[in-house]
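Asks: Provided below are the primary sequence and the corresponding predicted coordinates.
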Amino acid sequence: MDYLIPSLLVSIVAVGMALAFLSADRGSATSRALALALAATGLSIFLNGYWVPAAHRNPSWSGWLALPETLALIAMLEWLLRVRRMVPVPEEFDTRTGDWLLRLGQLGALVYQLFALLWPELRISQFLHSTSFDAVKHGGFWLFATPVLFTVLSGLGSLLLLLNRKPEVAERIRLIAFAGAVPFCVAGLVLPADLGPISIIVGEMILLVGAVHYHVLQGQRGFFLSRFLSPEVARLVSHSGLHVAMRESQLTLSVVACDLRGFSRFAREVPSGGVIQILREYYDAVGEVAARYGGTIKDYAGDGVLVLVGAPIALPDHASRALDLAAGVRDAVERLVAQWARRDGPPLGIGVGVATGTVTVGVIGGRSRLEYTAVGAAVNLACRLCEQAQDGEILIDLETLRAGGAAQARPRPAVALKGFGEPVVHFGV
């Protein structure tokens, strides 16, 4: 009982961290798994500090007190498994080994629980909070230490395989923090009662430092993503990972292409600093409108911007959204054009093209860089229609008209476009 207060305080810290992770990001499966691991750890610390010493007098039921420890070990490996599924996998990597290591580690935790039920007295007398380091000489110590060590080593092995994929900086920081925290937390089970809480609190602090760094970097990335992706896509990336958000698939969607009229001449006659400032304001305006209507900006190329409506998240009303997005872009840029007219340089304008069709979307690239791409006739057609559009004009194809129902669309003469065998029927909005 002398060490009840330290154990209670460490337990409160663990439960508090669990509530913090859960309340901050309850929609994330990884946060839920980590919160469960921390809450179970806190309960285990309390039970080991208060109830286990009392169980010396009646140890037959004390095997059930190992349940929180078992749950904590399983939840920690589940957290790592979910993190693994969020990290993009290069084609040359086989993830099955790392996943199987985690499942085997969870099996090791269940074996520990089984041994605790079969030999509860040995667990209390020779494993938990040993009064001296001579406990390692007893067979009872290794009976319980072996499955726990197997679980920890399985997790660390899977973690090393994950780090070999070269995840992004934020993910790497919290993985390294996890690897540093686990040994301290596990050691807290077997160290003497005066040292165990200290070891566990060190592990908790290492985990907390890594988590703070991770969430700060994620917050910065989320702010960056929110300027280029729709809020729905940003949430999908945050909760499910890039591999889910950007999995290769065929989607029926709408594509919006826009570029500035007169930009080539403007870039020749205006100092580069002025050109960059114009592009910055232009990109900001288009990005804001794209996010408003659920569009995902696929590409910036000079004064050209390509926006996907309906990918990576499918949207049933993608065509009508694309029409609203195109009108919003035109209006926003026309307001900018009026401001730019007061500066030095040739006049600028805006043209927009919209097309609808089935497109293949997914990630291409190497290990150092991945790019979200969209391939299909609708992408090419939106770009070609954008080229044909006059200043302030939105040109759409027949599929967009049928799906989106543009009431004020005016038919235009069919036009021959590069890459299309037959003249293309299109409309002006």
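Replies: Arrived safely.
Asks: what about the strands in the stretch 301-429 of the chain?
Replies: Ranges of strands within the stretch 301-429 of the chain are 304-309, 349-365, 370-375, 393-397, 410-415, 424-428, based on DSSP state E, counting those that start in this stretch.
Asks: Of all those strands, which one is nearest Gly42?
Replies: Closest to Gly42 of these, according to C-beta to C-beta: strand 370-375, at 38.6 Å. Yep, even glycine has a C-beta here, placed from its N, CA and C like the rest.
Asks: you'd agree Gly108 is in a strand?
Replies: No: counting by DSSP: H, G, I helix; E, B strand; the rest coil, Gly108 falls outside a strand, being helix.
Asks: Begin at 39 from now on, thanks
Replies: Sounds good: first residue 39 from here, last item Gly146.
Asks: Leu229 and Cys223 touch, don't they?
Replies: No: counting by C-beta atoms under 8 Å, Leu229 stays clear of Cys223, with 11.0 Å between them.
Asks: Neighbour count: these two, which is higher?
Replies: Cys223 (26 against 19; other C-beta atoms under 10 Å).
Asks: who touches the more buried one in this structure?
Replies: Shown in contact with Cys223 (C-beta atoms under 8 Å, 6 or more residues apart in numbering): Thr79, Ser237, Ile238, Gly241, Glu242.
Asks: switch to 7 Å and redo it
Replies: Thr79, Ile238, Gly241 (C-beta atoms under 7 Å, 6 or more residues apart in numbering).
Asks: pLDDT wise, what is it at?
Replies: Looking at Cys223, its pLDDT is 88.
Asks: Could you do the one 4 residues further on as well?
Replies: Among the per-residue scores, Leu227 shows a pLDDT of 78.
Asks: quick one: buried residues of the strand or helix carrying it?
Replies: Per DSSP states H and E, Leu227 falls inside helix 207-228. Neighbour counts using 16 or more other C-beta atoms under 10 Å place 208-213, 215-217, 219-220, 222-228 of helix 207-228 among the buried residues.
Asks: by contact count, what packs against the longest helix seen in the chain?
Replies: For the chain, the helix with the greatest residue count under DSSP state H is helix 234-264. Counting contacts by 3 or more C-beta pairs under 7 Å, 6 or more residues apart in numbering; DSSP states H and E, helix 234-264 packs against helix 42-62, helix 207-228, helix 269-278.
Asks: Same question for Asp132, what's its three-state structure.
Replies: Going by three-state DSSP, the secondary structure assigned to Asp132 is coil.
Asks: Contacts only, for it.
Replies: So Asp132 contacts nothing (C-beta under 7 Å, 6+ apart).
Asks: Give me the neighbour count for Ala365.
Replies: 17.
Asks: Put the alpha carbons of the helix holding Leu227 into CSV.
Replies: Extracted in CSV, the C-alpha atoms of helix 207-228 (Å, rounded to 0.1, in the frame of the first residue of the first chain):
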residue,chain,number,x,y,z
VAL,A,207,8.0,12.8,-41.1
ALA,A,208,4.9,13.1,-38.9
GLU,A,209,4.2,9.4,-39.0
ARG,A,210,7.9,8.5,-38.5
ILE,A,211,8.0,10.7,-35.3
ARG,A,212,5.1,9.0,-33.6
LEU,A,213,6.3,5.5,-34.6
ILE,A,214,9.7,6.2,-33.1
ALA,A,215,8.1,7.6,-30.0
PHE,A,216,5.9,4.5,-29.7
ALA,A,217,9.0,2.3,-30.1
GLY,A,218,10.7,4.2,-27.3
ALA,A,219,7.7,4.2,-25.0
VAL,A,220,6.7,0.6,-25.1
PRO,A,221,9.8,-0.9,-23.3
PHE,A,222,9.4,1.6,-20.4
CYS,A,223,5.7,0.8,-20.1
VAL,A,224,6.2,-3.0,-20.1
ALA,A,225,9.2,-2.7,-17.8
GLY,A,226,6.9,-1.0,-15.3
LEU,A,227,5.1,-4.3,-14.8
VAL,A,228,8.1,-6.2,-13.5
